[in-house]
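Asker: One predicted model, sequence on top.
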Amino acid sequence: MEKDQELWDKLFYELACIRSEMKAFKLETRAELYQIKAELKEWQQRTAQQRLPDKGE
């Protein structure tokens, strides 16, 4: 009975670690996504500004 409890405790600890790692990965991925979106927006703005003088010629 004691061994079973120890096994369950270890399993729940491992699950908690995995859950924590998944949350960290999710936050990291979200941060990277926002960075990519910001870079894309910046690139689009630069591209739009470069096209304006071309249309005037």
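Answerer: Happy to help now that I have it.
Asker: Please count neighbours and contacts with C-alpha atoms only from this point.
Answerer: OK.
Asker: measure the residue positioned nearest the centre of the chain to Glu6 for me?
Answerer: The chain has Thr29 as the residue nearest its centroid, 1.1 Å off, counting by C-alpha atoms, centre = their mean. Going from Thr29 to Glu6 by C-alpha to C-alpha, to the nearest Å gives 34 Å.
Asker: follow-up on the earlier one: tell me the SS of the residue nearest to the centre of the chain?
Answerer: Secondary structure, DSSP: H, G, I helix; E, B strand; the rest coil: Thr29 is helix.
Asker: Now do the same for Met1: its pLDDT.
Answerer: pLDDT recorded at Met1 is 83.
Asker: ok, which stretches of the chain are strands?
Answerer: Assigned by DSSP state E, the strands in the chain number zero.
Asker: Now do the helices in it.
Answerer: For the chain, the helices defined by DSSP state H cover 2-56.
Asker: Can you pull out the low-pLDDT segments for this protein?
Answerer: Applying pLDDT under 70 to the chain flags residues 54-57.
Asker: And Thr47, how far from Pro53?
Answerer: Distance from Thr47 to Pro53, counting by C-alpha to C-alpha: 11 Å.
Asker: try Trp8
Answerer: 68 Å.
Asker: cool, Asp4 as well?
Answerer: For Asp4 relative to Pro53 (C-alpha to C-alpha), the value is 74 Å.
Asker: Lys37: neighbour count?
Answerer: By the measure other C-alpha atoms under 10 Å, the count of residues near Lys37 is 12.
Asker: wait, Ala48
Answerer: Ala48 has 11 neighbours, counted by other C-alpha under 10 Å.
Asker: Next: the one 3 residues further on.
Answerer: Residues near Arg51, counting by other C-alpha under 10 Å, number 11.
Asker: got it, and Pro53?
Answerer: Using other C-alpha under 10 Å, Pro53 is surrounded by 9 other residues.
Asker: repeat for Phe12
Answerer: 12.
Asker: and what of Gln49?
Answerer: So Gln49, with other C-alpha under 10 Å, has 11 neighbours.
Asker: Right, I'll leave it there.
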